[in-house]
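S.K.: just coords:
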């Protein structure tokens, strides 16, 4: 949904509907997508471009974060995952 088309709707018990367009403060139009659609797009992009470096785990929770020695190098931390 584009930010220029955002509106609120008031629904009355009588069946009357009052729709009010929301003012846009930005000259640039923004778009809203659902969380499910965003997560799907993000997952597809990670799988397409970074599957060799990023493993996606479903049904897991973070049980700990351990920082490796060596500072800010590329391989400095690891997440410990447990099944939910």
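M.R.: The structure has been received and is ready for your questions. Bear in mind the structure is a predicted one, so any value in this text is a computation, not a measurement.
S.K.: which residues of the chain score low on pLDDT?
M.R.: Low-confidence segments of the chain (pLDDT under 70): 1-3, 24, 67-84.
S.K.: what about the helices in the protein?
M.R.: For the chain, the helices defined by DSSP state H cover 35-50.
S.K.: where do the strands sit along it?
M.R.: For the chain, the strands defined by DSSP state E occupy 7-11, 17-21, 60-67, 77-83.
S.K.: and the first one, how far from the chain's centre?
M.R.: The reference is to strand 7-11. 25 Å (Cα atoms, centre = their mean, to the nearest Å).
S.K.: Mind giving me the packing neighbours of that strand?
M.R.: Judged by 3 or more Cβ pairs under 8 Å, 6 or more residues apart in numbering; DSSP states H and E, strand 7-11 is in contact with strand 17-21. (C-beta placed from N, C-alpha, C; glycine too.)
S.K.: Indicate each strand paired with the strand it packs on and its parallel or antiparallel sense.
M.R.: strand 7-11 (antiparallel) (DSSP bridges).
S.K.: got the contact list for the partner strand?
M.R.: 17-22 (Cβ atoms under 8 Å, 6 or more residues apart in numbering).
S.K.: Any buried residues in that strand, and which?
M.R.: By 16 or more other Cβ atoms under 10 Å, strand 7-11 has no buried positions at all.
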